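Visitor: what's the 3D shape of this:
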Amino acid sequence: MQKYDAPKEKVRLFFGSFIESEKVEYDKYQKSFIDYYGRFIKPVKAKNIHLTWKFLGDTDLDMVENIIEKADSLNISEFKALIKFQKFEIWPSLKRPRQIVLHGSHVDEFASSFCNNLNSALKDLSIKEDKKHFNPHITFARFKHIEDFDKTIRLPYDGFFDEVICEIKNFQLIKSILTPAGSLYEVLKTF
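Guide: Model (predicted):
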């Protein structure tokens, strides 16, 4: 008789840092997106505004402790990433809009160095290394049923954003639960 292995329980994980919505004038810009796109976008809730350092995706629940140990092993005495947010963009393109993001760049090498070190630490756990360089952004809204939208796909303010530098002092391992009302986040550990 063949032995049956029950499927392992999975959790959806990512490493991220929450950003105070006031720092990126969330209310002002989100209102302009809603005014223009209406029911064709699903705004990210203000309390969920975050920067993703590394998306892990569906991960075996029994791997969580090992992931935390690897992140702890980075031994970062002072986490201080400076990200300059500069403009809104529609990703992946105007022809195939999926999300409205606030795009940024790192002010110094800390952010990209941190991402490289995190990738290296997680490699031992067979977690895929990111192929692309770290591209800092905050998702403000996701498009839905955009094929029925009868206006030009564009950004209010032509993507203009009053440039701001955010100082990020920690990062978290975050569990994400997808629901019809939007994602629910649970911080598993703050580093």
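
Visitor: may I see the buried residues of stretch 113-132?
Guide: By neighbour count with 16 or more other Cβ atoms under 10 Å, stretch 113-132 contains the buried residues 114-115, 118-119, 121-122, 127, 130. Every C-beta, even on glycine, is put in place using the N, C-alpha and C of the backbone.

Visitor: kindly apply the preceding question to stretch 177-191 instead.
Guide: Y185.

Visitor: need the residues that contact it.
Guide: Contacts to stretch 177-191, defined as Cβ atoms under 8 Å, 6 or more residues apart in numbering, come from residues 12-13, 42, 44-45, 48, 50, 64, 68, 71-72, 74, 76, 79, 170-176.

Visitor: ends of it, what's the gap?
Guide: 21 Å (Cα to Cα, to the nearest Å).

Visitor: picking up where we left off before, among the contacts of stretch 177-191, which ones are in strands?
Guide: Counting by DSSP state E, the contacts of stretch 177-191 place 12-13, 42, 50, 172-176 in strands.

Visitor: could you find the closest non-adjacent residue to the residue nearest the centre of the chain?
Guide: The chain has T52 as the residue nearest its centroid, 3.3 Å off, counting by Cα atoms, centre = their mean. Nearest residue to T52, sequence neighbours excluded (Cβ to Cβ, 6 or more residues apart in numbering): G16, at 4.8 Å.

Visitor: which helix or strand contains the one you found?
Guide: Taking DSSP states H and E as the definition, one finds G16 inside strand 10-18.

Visitor: which secondary structure elements does that strand sit against?
Guide: strand 50-60, helix 64-72, strand 172-179 (3 or more Cβ pairs under 8 Å, 6 or more residues apart in numbering; DSSP states H and E).

Visitor: show me the contact partners of that strand.
Guide: Taking Cβ under 8 Å, 6+ apart as the rule, strand 10-18 contacts 48-61, 64, 67, 71, 81, 118, 168, 170-178, 188.

Visitor: kindly recompute the last result at 6 Å.
Guide: Residues outside strand 10-18 that contact it (Cβ atoms under 6 Å, 6 or more residues apart in numbering): 50-56, 58-59, 61, 168, 171, 173-176.

Visitor: following it, which helix or strand shows up next?
Guide: Counting by DSSP H and E, the next helix or strand C-terminal to strand 10-18 is helix 26-37.

Visitor: mind checking how far that next one is from the chain centre?
Guide: Put simply, helix 26-37 sits 19 Å off its chain's centre (Cα atoms, centre = their mean, to the nearest Å).

Visitor: what comes up buried for it?
Guide: Neighbour counts over helix 26-37 (16+ other Cβ under 10 Å) mark 26, 29-30, 33, 36-37 as buried.

Visitor: other residues contacting it?
Guide: Identification of contacts with helix 26-37 by Cβ under 6 Å, 6+ apart yields 41, 43, 46, 100, 141, 156.
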